[in-house]
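J.: here is my input; please provide its structure:
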Amino acid sequence: MQFLWILDEVLYPGYRSVTLESPVFVLAPPRTGSTSLHRVLCADQDRFFAPQLVELFFPFITVARALHYVHDRPVLKASVLQFIDWFVLLCGIRPTETATRHPMGLFTVDEDDITLTVCCM
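T.: Sure, this is the predicted structure:
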């Protein structure tokens, strides 16, 4: 993983100069509407930003760009999705009740607590 951090530093050094003005944090207990609020805020892309699920799992610019490249090409996307389905079956991962109520996708905006949910299943 260290290699990916170094690669980002070499290929995308400008990310360090990005500043945040007046950040907004959405903090709430589960099942209180925070996800809906979060998604409504993020619909205004000129004023709000939130990470996509892919950025939470792979916090590297290089990986995100590569996955976006694959995602934008139907033939590659189908192959990658088949591999992911196979890998999920191989690992015996089953969707939790939360995952069925809270649909996710790699390129959807999501809260960072999802990372903890998936990592701790």
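J.: look up how far Ala64 lies from the residue nearest in space to the middle of the chain.
T.: With distances taken as CA atoms, centre = their mean, Leu53 lies nearest the centre of the chain, 1.3 Å away. Per CB to CB, to the nearest Å, Leu53 is found 11 Å from Ala64. The C-beta positions use only the backbone N, C-alpha and C, and glycine is treated the same way.
J.: point out where the protein drops to low pLDDT.
T.: By pLDDT under 70, the weakly predicted segments of the chain are 84-106, 110-121.
J.: can you give me the helices in it?
T.: 2-11, 34-43, 53-57, 61-71, 74-91, 97-101, 113-119 (DSSP state H).
J.: what's the burial count for Val109?
T.: 19 (other CB atoms under 10 Å).
J.: identify the bridge partners of it.
T.: Applying DSSP bridges to Val109 gives these bridge partners: Gln52.
J.: how about the contacts made by it?
T.: Contact analysis of Val109 by CB atoms under 8 Å, 6 or more residues apart in numbering lists 38-39, 42, 50-52.
J.: what do you get if the cut-off is 10 Å, keeping everything else the same?
T.: 35, 38-39, 41-43, 45, 48-53, 55 (CB atoms under 10 Å, 6 or more residues apart in numbering).
J.: mark which of those residues are buried, thanks.
T.: Buried residues within the contacts of Val109, counting neighbours by 16 or more other CB atoms under 10 Å: 35, 38, 42, 50-53, 55.
J.: I'd like these laid out as TSV, including distance to Asp72.
T.: Compiled in TSV, those are given as follows (distance: CB to CB, whole Å):
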residue	distance to Asp72
Thr35	26
His38	25
Cys42	21
Ala50	21
Pro51	19
Gln52	14
Leu53	17
Glu55	16
